[in-house]
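Novice: Sequence plus predicted model, see below.
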Amino acid sequence: MGKQTKQIIQAPFVQDMIEVTQNMWRNGWDERNGGNVSYLIEEQQLQNYLDLNHVKRSIPLAFPVKTLANRYFIVTGSGKYFKNVAKDPEDTLAIVKVASDGQSVDLLWGLSNGGNPTSELPSHFMSHIARLEADDNHRVIIHTHTTNVIAMTFVHDLSAKAFTKTLWQMCTECVVVFPEGVALLPWMVPGTDKIGMETAQSMETHRLVVWPHHGIFGAGESIDDAFGLIETAEKAAQVYMLVASHQGGIKQTITDQELIDLAEAFHVTPNPNYI
């Protein structure tokens, strides 16, 4: 590795990607090459690490993202294992710039042994566009295979209202952390424009989108923000899976009035369609 590569691996945005992928792998959420992360980074963050005019190669997109023209992202690679990111970030990650016409991305760093950015890039880019319209400070999209959220989609009513309400009732912090609730899509083939568009549409009003029998998408203003959001929902799903099968069933939960009291105490507004 050259001097520049050694420097960039120490960059905060690369270290954030290493840490979050390791945490998700250790949690058992991202087996094999499961999961993907994309992180919007500003040009000034990159200037000390990369020659931004040096393009390794151009990678065409099957969908236009003109809205993201000339913006920079660090993303996980397609087919790359999260468990390997820490030991070889230059192979498993990619820093890309969206071309001015939105029809391709320029690879500036990473994917040293070939390959492409995550196959879920359509869903990521479409969701970034939706979240940036809702929140100027938005930066991160994480897709991961949270074990208990997936398990819950096999045994729970698959309506966004019912699913959200149950999560809110499992842990006191949930209505505070995601007061807008979660969105929930019908099952679809992953990696397609269709699921990308449906996810992005849900991201206009939600930061968590559940893909039944597959995993979850989370958005945030930082890596910690997005990861913490997913982590909170997963903990609530874990509690549900523990108690729902308990002999005698669930005997009590947090009530609607208690959820309202929590929201008032922490100055958040729960989704009125879900409470």
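Specialist: Perfect, thanks for sending it.
Novice: all contacts plus neighbour counts: C-alpha atoms, from now on.
Specialist: Will do.
Novice: Count the residues that sit near A86.
Specialist: By other CA atoms under 10 Å, the residues close to A86 number 17.
Novice: Contact partners for F63?
Specialist: 103, 122, 193 (CA atoms under 8 Å, 6 or more residues apart in numbering).
Novice: go again using 10 Å as the cut-off
Specialist: Shown in contact with F63 (CA atoms under 10 Å, 6 or more residues apart in numbering): 102-104, 121-122, 125-126, 193.
Novice: which of those tops the neighbour count?
Specialist: L121 (25 neighbours).
Novice: Please export the C-alpha coordinates of stretch 120-137 as PDB.
Specialist: Output of stretch 120-137 as PDB, limited to C-alpha atoms (Å, rounded to 0.1, in the frame of the first residue of the first chain):
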ATOM      1  CA  GLU A 120     -28.200  -2.800  -3.200                       C
ATOM      2  CA  LEU A 121     -26.900   0.600  -4.500                       C
ATOM      3  CA  PRO A 122     -30.200   1.400  -6.200                       C
ATOM      4  CA  SER A 123     -32.000   1.200  -2.800                       C
ATOM      5  CA  HIS A 124     -29.300   3.100  -1.100                       C
ATOM      6  CA  PHE A 125     -29.100   6.000  -3.500                       C
ATOM      7  CA  MET A 126     -32.900   6.300  -3.800                       C
ATOM      8  CA  SER A 127     -33.100   6.300   0.000                       C
ATOM      9  CA  HIS A 128     -30.400   8.900   0.300                       C
ATOM     10  CA  ILE A 129     -32.300  11.200  -2.000                       C
ATOM     11  CA  ALA A 130     -35.500  10.700   0.000                       C
ATOM     12  CA  ARG A 131     -33.800  11.300   3.400                       C
ATOM     13  CA  LEU A 132     -31.900  14.300   2.200                       C
ATOM     14  CA  GLU A 133     -35.200  15.900   1.200                       C
ATOM     15  CA  ALA A 134     -36.500  15.300   4.700                       C
ATOM     16  CA  ASP A 135     -33.300  16.000   6.600                       C
ATOM     17  CA  ASP A 136     -30.400  18.200   5.400                       C
ATOM     18  CA  ASN A 137     -28.100  16.500   8.000                       C
END
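Novice: Tell me the secondary structure of V96, please.
Specialist: strand (DSSP: H, G, I helix; E, B strand; the rest coil).
Novice: ok, it to P270 distance?
Specialist: 37 Å (CA to CA, to the nearest Å).
Novice: Tell me which of these two has more neighbours.
Specialist: Neighbours of V96 and P270, each counted by other CA under 10 Å, are more numerous for V96; the result is 27 against 20.
Novice: Where does the residue nearest to that one when sequence neighbours are not counted sit, in terms of helix or strand?
Specialist: Sequence neighbours aside, L107 is the residue nearest to V96 in space, at 4.6 Å (criterion: CA to CA, 6 or more residues apart in numbering). Assigned by DSSP states H and E, L107 belongs to strand 104-110.
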